[in-house]
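**Q** just coords:
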């Protein structure tokens, strides 16, 4: 990971849940960073989500703090107090306004957060802020819960002949079908772009990355993705999300977000395979995405692929249960390069043994052509999911043990 100019990082073990690893992350900015964010659309949002949604309106950030092990969700007034006390402590120590402090939590829902453990650690964190590669690596690990590995990536690009660096890291393994983002994701860059422009760009790319994955069809109460721009590159200020000078930046950001989203799927609880599902020929992209998620969230489809069983009838079932306009006679189902259906029945050249062998791969592609409308990019969608194994059950039944 490449450090970003103007960013400082520290991690600590404050003992919220984990006794033998860091579970608290603090990020500060030398000067006010511009910030944009997307958050869960759950009707049961965690206290940090409500806090961040209010602060994001101001568009600037001086600090980000993240704890693992406790979601601070469904914790009533006590949860609100925990968020405020955390922000208050940071604002005193930096100093800065509480409206410039962003807070995230991840972990068990419904358990009161012992915020005193966090506030007690904040002075220590501030004393140990750094901006080297090791600090960034520690940051990606401190936010993990059931993740088996950290998820991070860096990219470079150009804006107005200035070199721009982007670095992002995320966590997520279970409770993943975001209707906005993922469990937690943070992207930092040294570009000089307004928060308004960042927001437009983030939301657009989010739809085809973090908003296009599922592990278990469950949306978290805490989903957050934040994009920070420190302005340290000193190129001319850009306030228009559609400025042609942002083309390379958008490309790099999309690569980062898609990479992190796929890493979350690959690290899905108990997962062994990445499954890419593309739906074409729909009435529009929304309908195509609905069909894709219907397939990607089907336990029957996911378990069949886990067992390398080419039970393609389950895919047909999942297309039908989406209730999106389609017709058996025009429906084409493909696994890999193998076409399985034709004219409303099994394809005459279908080779089950060959498909069985293909399903042994770590990556599996499923392509659906509804055949209802012409093939246009605006009328198709791709999502990513994973297989469903015994490991998923074991992780979740033992989660609080």
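**A** Received it, and whenever you're ready, just let me know what you need. Note that the structure is predicted; figures quoted are calculated from it, not measured.
**Q** what's in contact with the lowest-mean-pLDDT helix or strand in the chain?
**A** Least confident helix or strand of the chain, by mean pLDDT, DSSP states H and E, is helix 390-397 with a mean of 72. Helix 390-397 is contacted by residues 146, 174, 216, 268, 269, 270, 271 when judged by CB atoms under 8 Å, 6 or more residues apart in numbering. Bear in mind the C-beta positions are built from the backbone N, C-alpha and C, glycine included.
**Q** Would you format the residues you listed as CSV with distance to residue 325, neighbour count and secondary structure included?
**A** Shown next, in CSV, are these (distance: CB to CB, whole Å; neighbours: other CB atoms under 10 Å; DSSP: H, G, I helix; E, B strand; the rest coil):
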residue, distance to residue 325, neighbour count, secondary structure
146, 38, 20, coil
174, 33, 22, coil
216, 27, 21, coil
268, 30, 31, coil
269, 34, 24, coil
270, 34, 21, coil
271, 32, 24, coil
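**Q** Please tabulate those residues in a markdown table, including the columns distance to residue 74 and pLDDT.
**A** Shown next, in a markdown table, are the contacts of helix 390-397 (distance: CB to CB, whole Å; pLDDT from 0 to 100):
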| residue | distance to residue 74 | pLDDT |
| --- | --- | --- |
| 146 | 19 | 82 |
| 174 | 17 | 70 |
| 216 | 19 | 76 |
| 268 | 24 | 76 |
| 269 | 21 | 76 |
| 270 | 26 | 73 |
| 271 | 27 | 82 |
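**Q** Among the residues you listed, which one sits closest to residue 85?
**A** Proximity of the contacts of helix 390-397 to residue 85 (CB to CB) peaks at residue 146, which lies at 27.4 Å.
**Q** element containing residue 276, please.
**A** strand 274-280 (DSSP states H and E).
**Q** Name the next helix or strand downstream of that strand, please.
**A** Moving toward the C-terminus from strand 274-280, the next element (DSSP H and E) is helix 285-296.
**Q** Could you check how far that next one is from the centre of its chain?
**A** Centroid separation for helix 285-296 versus its chain: 18 Å, with CA atoms, centre = their mean, to the nearest Å.
**Q** which helices and strands sit right next to the following helix or strand past that helix?
**A** Using DSSP H and E, the helix or strand that follows helix 285-296 towards the C-terminus is helix 299-306. Contacts defined by 3 or more CB pairs under 8 Å, 6 or more residues apart in numbering; DSSP states H and E place helix 299-306 against helix 313-321.
**Q** Show residues contacting the helix it packs on.
**A** Contacts for helix 313-321 (CB under 8 Å, 6+ apart): 291, 294-295, 298, 300-301, 304, 326, 331, 333, 335, 340-341, 366, 368, 370.
**Q** Of the residues you listed, select the buried ones using a ChimeraX command.
**A** For the buried members of these, the matching ChimeraX selection, counting by 16 or more other CB atoms under 10 Å, is:
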select :291,294,295,298,301,304,326,331,333,335,340,341,366,368,370
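**Q** Validate this expectation: residue 366 resides in a strand.
**A** Yes - checked against DSSP: H, G, I helix; E, B strand; the rest coil, residue 366 lies within a strand.
**Q** what about the closest residue to it other than its chain neighbours, neighbour count?
**A** In space, residue 366 comes closest to residue 277 once its chain neighbours are excluded; the distance is 4.7 Å by CB to CB, 6 or more residues apart in numbering. Neighbour count of residue 277, defined by other CB atoms under 10 Å: 26.
**Q** List the residues that contact residue 333.
**A** So residue 333 contacts 312, 315, 316, 319, 339, 340, 341, 366, 367, 368 (CB under 8 Å, 6+ apart).
**Q** any idea how this structure splits into domains?
**A** Taking automatic domain parsing as the domain assignment, the ranges for the chain are 7-266, 274-397.
**Q** closest to residue 1 out of those domains?
**A** domain 7-266 (4.2 Å).
**Q** chain center to that closest one, what's the gap?
**A** 11 Å.
**Q** Quick one: end-to-end length of that domain, please.
**A** With CA to CA, to the nearest Å as the measure, the first residue of domain 7-266 is 29 Å from its last.
**Q** go on, stretch 183-195?
**A** Per CA to CA, stretch 183-195 runs 22 Å from first to last residue.
**Q** Show the average pLDDT along that stretch.
**A** Averaged across stretch 183-195, pLDDT comes to 96.
**Q** still on that earlier bit, now do the strand holding residue 276 and helix 285-296, the angle between them.
**A** Per axes from the mean of the first three to the mean of the last three CA atoms, to 10 degrees, the angle that strand 274-280 makes with helix 285-296 is 140 degrees.
**Q** Before I go, just wanted to say thanks for your time.
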